[in-house]
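> Sequence and predicted structure, then a few things I'm wondering about:
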Amino acid sequence: MAVRFIDSKNTVAYKDYLNADPEFKIAARYMTKDVCIEVGNTKCIVKFRDGIVTQIKSENAFADPWDFAVRASEDAWEKFLLPIPPRFYDGIFGGMVRGNFRLEGDTISAFSHFWAVTRMLDIFRELQNK
Amino acid sequence: MTKFDSITGRYIHLNIQGVEYRVFYEEAGKGIPIICQHAGGGDGLEWTELLNDPAVTSKYHIIVPNLPYHGRSLPPESIEWWRQEYRLTKSFFMDFELELSRALKLYRPVYMGCYVGGNLGLDLALEHPDKFRAVIGVGAALTGGTPTLDTFYHPNVTNDYRRVNGMYFCAPMTPEKYRRANSWTSMQCAAPTTKGDLYFYFYEHNLTGKAHLIDTSKCAVYLLTGDYDPTITVEDTIEMAKQIKGSKFTEMKNLSHAGMAENPPQFKKYIIPILNEIAEQSKK
């Protein structure tokens, strides 16, 4: 199973989908951060400005700065993106507790905006299974 | 026609370790008394569906207190509580349950608690087996594991963090209405309570080398853990259950951290047979 949100063909559509989601709009309010999502050795940077996702950058993102990162292996993300994920892969907090996901960088900022991040990843799951 | 819940809520004044606390509790039903203790950073709302279920309240007297500093149990008036960070200790927690039981004239109630409350159940079974006929630990283990306290009470982390924990400490098959209710109730308590309660959980509850001393012939021990719980896993609870001779462990399928609030119908599939077993044992 290919992880779709990291694929540059999908990033514009994913950005628009996120910005149109009513819950995400509330969750991401005021958020101005660059969030790195790493899938194995591949990463994308989701750029938030005043609560709007302005870009999901998955190509040539190796040198882009970020505030905090959510990292996991490709296998972990594939499990996370299943319609019914297995235990310890169903949420990133639980996944972190069990060592399947890692949160790095400015973790306080990550927890400040945890609702936006988790809603974003839920939307990625919805789109993965469409 | 006006519809009312069968739950009654009232205040009781308890003297705990020399300080008077005005404690809010809810109750419903008649029969064997069961004190249902909420989880860390939570309040009695977690047990609402059990309080409101005639299948439960027809046989059992359900009592749901809010710990001091939680929900409608405000901090005490007689001390300058704001001059120190809120912190729940085992000694206070234990005395609270004993004093509540004494003040309400409960005869050897069942004690049921979740997580912070669940772990206390095992401490009560060890140290006060004569006071309780049974303890039920929902998500209980020998220890709380690795401490992760600071993010639970930080000026830059908002209440939405607790909302997220309420949503994602649910198994993925949890009905959306319950997941969202759980996220909302997770935001109800005052900001310092989660970190303060977890002090007990991480630093004071530790049955390593002591669990085998629990005597289930004096106080029965039931343990239930959700298969999706990432914090206290099924394996963690089994490890403890193996050390408590006569304890009974149930793995709850499709549940995570706080089953009674997360998915009450699913939780009741597991808890009602246990309550009925305790009722049968109480007849002997």
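Arrived safely, thanks for sending.
> C-terminal to the longest strand seen in chain A, which secondary structure element comes first?
Using DSSP state E to define each element, chain A has its longest strand at strand A:42-49. Using DSSP states H and E, the helix or strand that follows strand A:42-49 in sequence is strand A:52-57.
> That following strand packs against which elements?
helix A:11-20, strand A:42-49 (3 or more Cβ pairs under 8 Å, 6 or more residues apart in numbering or on different chains; DSSP states H and E). Just so you know, the C-beta spots here come from the backbone N, C-alpha and C atoms, and that holds for glycine as well.
> Quick one: those as JSON lines, columns for mean pLDDT too.
As requested, the helices and strands packed on strand A:52-57 are exported to JSON lines (pLDDT from 0 to 100):
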{"stretch": "helix A:11-20", "mean pLDDT": "97"}
{"stretch": "strand A:42-49", "mean pLDDT": "96"}
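> deepest of those, which one?
Ranked by mean neighbour count, the helices and strands packed on strand A:52-57 are led by strand A:42-49 with a mean of 20 (mean count of other Cβ atoms under 10 Å in any protein chain shown).
> That one vs strand A:52-57, what angle?
Taking axes from the mean of the first three to the mean of the last three Cα atoms, to 10 degrees, one finds strand A:42-49 and strand A:52-57 inclined to each other by 160 degrees.
> quick one: contacts of stretch A:50-64?
Outside stretch A:50-64, the residues that touch it by Cβ atoms under 8 Å, 6 or more residues apart in numbering or on different chains are A:5-8, A:11-12, A:14-15, A:18-19, A:25, A:28-32, A:34, A:42-48, A:120.
> ok, which of those residues also contact chain B?
Applying Cβ under 8 Å from any Cβ of the partner chain, the subset of the contacts of stretch A:50-64 adjacent to chain B is empty.
> mind exporting stretch A:123-130 as PDB, just the C-alpha atoms?
These are the backbone C-alpha positions of stretch A:123-130, laid out as PDB (Å, rounded to 0.1, in the frame of the first residue of the first chain):
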ATOM      1  CA  ILE A 123      -8.300  13.200   7.000                       C
ATOM      2  CA  PHE A 124      -5.300  11.600   5.400                       C
ATOM      3  CA  ARG A 125      -6.800   8.300   6.500                       C
ATOM      4  CA  GLU A 126     -10.100   9.200   5.000                       C
ATOM      5  CA  LEU A 127      -8.500  10.100   1.700                       C
ATOM      6  CA  GLN A 128      -6.200   7.100   1.700                       C
ATOM      7  CA  ASN A 129      -9.300   4.800   1.800                       C
ATOM      8  CA  LYS A 130     -11.500   6.800  -0.700                       C
END
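> rewinding a little: chain center to the longest strand of chain A: distance?
For strand A:42-49, the separation from the chain centroid amounts to 8 Å (computed by Cα atoms, centre = their mean, to the nearest Å).
> Same question for stretch B:70-88.
For stretch B:70-88, the separation from the chain centroid amounts to 20 Å (computed by Cα atoms, centre = their mean).
> Report the buried residues of it.
B:H70, B:G71, B:S73, B:L74, B:P75, B:P76, B:Y86, B:R87, B:L88 (16 or more other Cβ atoms under 10 Å in any protein chain shown).
> can you tell me the helix or strand for the fifth one?
Looking back up the chat, that one is B:P75. Judged by DSSP H and E, B:P75 forms part of no helix or strand.
> pretty sure it is touching B:L67, no?
No. Taking contacts as Cβ atoms under 8 Å, B:P75 lies outside contact range of B:L67: 11.1 Å.
> For the chain, just list every one of the helices.
Since no chain was named, I'll use chain A. A:11-20, A:22-27, A:74-80, A:92-97, A:107-112, A:114-128 (DSSP state H).
> Not quite, go with chain B.
Using DSSP H, helices in chain B cover B:48-51, B:54-57, B:90-103, B:116-127, B:160-168, B:176-185, B:193-199, B:234-243, B:259-262, B:264-283.
> Look at the closest residue to chain B within chain A and say how many residues are nearby.
Per Cβ to the nearest Cβ, A:G94 is where chain A lies closest to chain B, at 3.2 Å. When neighbours are defined as other Cβ atoms under 10 Å in any protein chain shown, A:G94 has 23 of them.
> Return the set of residues that bridge with B:R10.
According to DSSP bridges, the residues that bridge with B:R10 are B:Y25.
> Tell me the spacing between it and B:E27.
Using Cβ to Cβ, to the nearest Å, B:R10 is found at 8 Å from B:E27.
> Looking at those two, which is more packed in?
The neighbour count for B:R10 versus B:E27, taken as other Cβ under 10 Å, is higher for B:E27 (22 against 9).
> ok so, going back, by mean pLDDT, show me the worst of the helices of chain B.
Lowest mean pLDDT within those: helix B:160-168, a mean of 90.
> anything in that helix near chain A?
Yes. Applying Cβ under 8 Å from any Cβ, one finds helix B:160-168 in contact with chain A at B:D160, B:Y161, B:R163, B:V164, B:N165, B:M167, B:Y168.
> Show residues contacting that helix.
Identification of contacts with helix B:160-168 by Cβ under 8 Å, 6+ apart yields A:27, A:90-94, A:111-112, A:114-115, A:118, B:41, B:151-152, B:179-180, B:182-187, B:194.
> That helix vs helix B:176-185, what angle?
Using the same axes, to 10 degrees: helix B:160-168 against helix B:176-185 is 150 degrees.
> tell me the angle of helix B:160-168 relative to helix A:114-128?
Using the same axes, to 10 degrees: helix B:160-168 against helix A:114-128 is 40 degrees.
> which ones are touching whichever residue of the stretch 101-250 of chain B sits closest to chain A?
Using Cβ to the nearest Cβ, the closest approach of the stretch 101-250 of chain B to chain A is made by B:P230 at 3.2 Å. B:P230 makes contact with A:R87, A:F88, A:G91, A:F93, A:G94, A:G95, A:V97, A:R98, B:S256, according to Cβ under 8 Å, 6+ apart.
> closest to B:K283 among those residues?
Ranked by distance to B:K283 (Cβ to Cβ), the contacts of B:P230 are led by B:S256 at 34.2 Å.
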